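*Asks:* sequence first, predicted model second:
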Amino acid sequence: MKSLMIQGAKILSTGSAIPSSSFSNNEISKFVDTSDEWIVTRTGIKERRLLQGIDKSIIDLAVLASKKALDKISMDPSQIDLIILATSSPHDLFGSASKVQYQIGALNAVAFDLTAACSGFVLSLVTAFQFLQTGAYSNVLVVGADVLSKWVDWSDRSTCILFGDAAGAAILQSCSSIDNSILNFQLNTDGNYSKHLSIAYQHNITPHSNLNLYQGSFKYISMNGKEVYKFAVFQVPLSILKCLNSVNMSVEEVDWLVLHQANERILTAIAEKLSISSNKIISNLRKYGNTSAASIPLALDEAIQEDKISHNDIVIIAGFGAGLTWGTIIVRW
């Protein structure tokens with residue numbers, strides 16, 4: 001390990017991957033009592049991508065997004081020191097980061113999963129930032145990837161309309177403190193509200209013979225939409241303001257809001273509370289739905305490809321979700 005010294009960090013490149021299969025609101029309305037108008041009015045979602053095929057997993061999406069990020073800067077995978085995979089839907093309960101490490105050829109990298117649901121990418125960026133600041137590592141690959149379609153009850157219209165599958169990646173590199181791109185961050189958790197969004201573990205009714213052990217399995221996604229909405233609209237603006245105030249920045253200085261793509265009404269309400277123009281909201285929710293840990297890097301990568309974000313722009317990245325967890329990062333692009 002390198003000698004410890006305080007440094008900065010910058011985002012070198014991004015990449016993303018989506019499944020080829022698109023699934024519209026009209027298709028969902030064929031097997032649950034809903035409609036395109038009902039879904040769009042309440043969520044802003046028109047369609048979502050679903051990872052189909054028994055041989056496909058989160059690893060396929062994570063690997064593709066990672067390779068795209070590497071290719072953009074012609075970086076050899078052997079230069080990556082650390083891989084953090086933000087996911088709540090690993091292909092292996094012990095973790096999937098090591099498989100991503102192997103498949104992209106990053107054989108010099110340490111790799112681990114980080115589970116924080118829809119806030120996972122934000123927490124992973126902050127974690128990567130810590131390793132880079134201390135000088136422990138020089139190049140970190142952060143991947144947000146989820147395939148929540150595998151954990152959705154497709155007969156529950158309150159949740160099945162929301163989620164899609166995707167992956168997004170970002171490569172961070174250490175730099176001088178003067179060139180530091182990550183200006184500040186702010187993270188929170190309130191476990192008292194964890195029941196409002198979860199994939200709970202369910203015990204079998206009868207114990208294993210002779211051992212008195214109750215084994216079981218995980219349920220489907222369960223969500224109290226009203227409570228999650230109230231939490232996000234109240235807490236996320238406070239987090240953003242606190243983060244801005246700590247570096248003496250004003251809301252007027254913000255060029256872009258890249259929020260977790262959960263619900264269009266949430267995104268609009270957060271912007272209104274901050275008195276930020278809706279034109280500054282980066283959103284692709286309409287095309288992909290809620291892709292959990294992938295939503296922020298996917299939206300960020302698309303915005304970069306479309307040349308929306310320019311050099312020196314102030315970008316607010318904010319995630320929120322199960323835990324309940326939420327957090328903000330201020331980035332000077």
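*Replies:* Happy to help now that I have it. Residues are numbered from 1 along each chain as shown.
*Asks:* for the one residue sitting closest to the centre of the chain, phi and psi?
*Replies:* Centroid-nearest residue in the chain, with CA atoms, centre = their mean: A293, separated by 2.2 Å. A293 adopts backbone torsions of phi -60, psi -20, taken as degrees, to the nearest 10.
*Asks:* all the helices of the protein, residue numbers only.
*Replies:* Ranges of helices in the chain, per DSSP state H, are 25-28, 36-43, 58-72, 97-104, 120-134, 157-160, 225-246, 264-274, 285-288, 295-305.
*Asks:* between helix 295-305 and the fifth one, find me the angle.
*Replies:* Calculated by axes from the mean of the first three to the mean of the last three CA atoms, to 10 degrees, helix 120-134 forms an angle of 80 degrees with helix 295-305.
*Asks:* just the buried residues of helix 120-134, please?
*Replies:* By neighbour count, with 16 or more other CB atoms under 10 Å as the criterion, the buried positions of helix 120-134 are 120-129, 131-134. Just so you know, the C-beta spots here come from the backbone N, C-alpha and C atoms, and that holds for glycine as well.
*Asks:* now, which of these sits nearest S149?
*Replies:* G120 (17.0 Å; CB to CB).
*Asks:* could I get the pLDDT score of the closest one?
*Replies:* With respect to pLDDT, G120 has a value of 96.
*Asks:* correct me, but it touches S88?
*Replies:* Yes. G120 is within contact range of S88, at 6.8 Å (criterion: CB atoms under 8 Å).
*Asks:* can I get the helices of the chain in CSV with distance to G321?
*Replies:* Listed next are those as CSV, based on distance: least, CB to CB, whole Å:
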stretch, distance to G321
helix 25-28, 22
helix 36-43, 15
helix 58-72, 17
helix 97-104, 20
helix 120-134, 8
helix 157-160, 13
helix 225-246, 8
helix 264-274, 11
helix 285-288, 14
helix 295-305, 9
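*Asks:* what's the least confident stretch among these?
*Replies:* Among the helices of the chain, helix 157-160 has the lowest mean pLDDT, at a mean of 91.
*Asks:* tell me the spacing between N204 and K150.
*Replies:* Counting by CB to CB, to the nearest Å, the separation of N204 from K150 is 21 Å.
*Asks:* more neighbours, the two?
*Replies:* A count of neighbours by other CB atoms under 10 Å puts K150 above the other of N204 and K150, at 15 against 11.
*Asks:* nearest spatial neighbour of L298, skipping sequence neighbours?
*Replies:* Using CB to CB, 6 or more residues apart in numbering and skipping the chain neighbours, the partner closest in space to L298 is G168 (4.2 Å).
*Asks:* number of nearby residues for the one you found?
*Replies:* 32.
*Asks:* that one contacts T14, correct?
*Replies:* Yes. Judged on CB under 8 Å, G168 makes contact with T14 at a distance of 6.9 Å.
*Asks:* identify the contacts common to those two.
*Replies:* Both G168 and T14 are contacted by 297, 300-301, under the criterion CB atoms under 8 Å, 6 or more residues apart in numbering.
*Asks:* most neighbours among these, which one is it?
*Replies:* That'd be P297 among the shared contacts of G168 and T14, by other CB under 10 Å, with 30 neighbours.
*Asks:* so who does that residue touch?
*Replies:* With contact taken as CB under 8 Å, 6+ apart, P297 is in contact with 14, 16, 65, 121, 142-144, 167-170.
*Asks:* kindly report the same for I316.
*Replies:* I316 neighbours (CB under 8 Å, 6+ apart): 240, 243-244, 254, 256-258, 328-331.
*Asks:* ok, L70 next?
*Replies:* With contacts defined as CB under 8 Å, 6+ apart, L70 is in contact with 13, 15, 76-77, 80, 104, 141, 171.
*Asks:* what two of the residues you listed are the furthest from one another?
*Replies:* The distance between the two most remote of those (CB to CB) is 15.3 Å, for G15 and D76.
*Asks:* settle it for me: which of the two has more neighbours?
*Replies:* G15 (25 against 10).
*Asks:* partner residues bridging the more buried one?
*Replies:* G15 has these beta-bridge partners by DSSP bridges: A169.
*Asks:* so what's it scoring on pLDDT?
*Replies:* For G15, the predicted pLDDT is 98.
*Asks:* next one: it from V147, what distance?
*Replies:* G15 is 17 Å from V147, by CB to CB.
*Asks:* for the closest residue to M223 other than its chain neighbours, what are its contacts?
*Replies:* In this structure, M223 finds its nearest non-sequential neighbour in L197, 4.9 Å apart by CB to CB, 6+ apart. Contacts for L197 (CB under 8 Å, 6+ apart) come out as 117, 221-224, 228, 321-324.
*Asks:* look at L197 and report its pLDDT.
*Replies:* So L197 comes in at 89 (pLDDT).
*Asks:* kindly report the same for S209.
*Replies:* S209 is given a pLDDT of 69.
*Asks:* likewise for the one 5 residues further on?
*Replies:* We note a pLDDT of 81 for Y214 in this prediction.
*Asks:* I'd like the distance between the nearest residue to P90 once chain neighbours are set aside and A271.
*Replies:* Nearest non-adjacent residue to P90, counting by CB to CB, 6+ apart: S96, 4.2 Å away. Distance, S96 to A271, using CB to CB: 34 Å.
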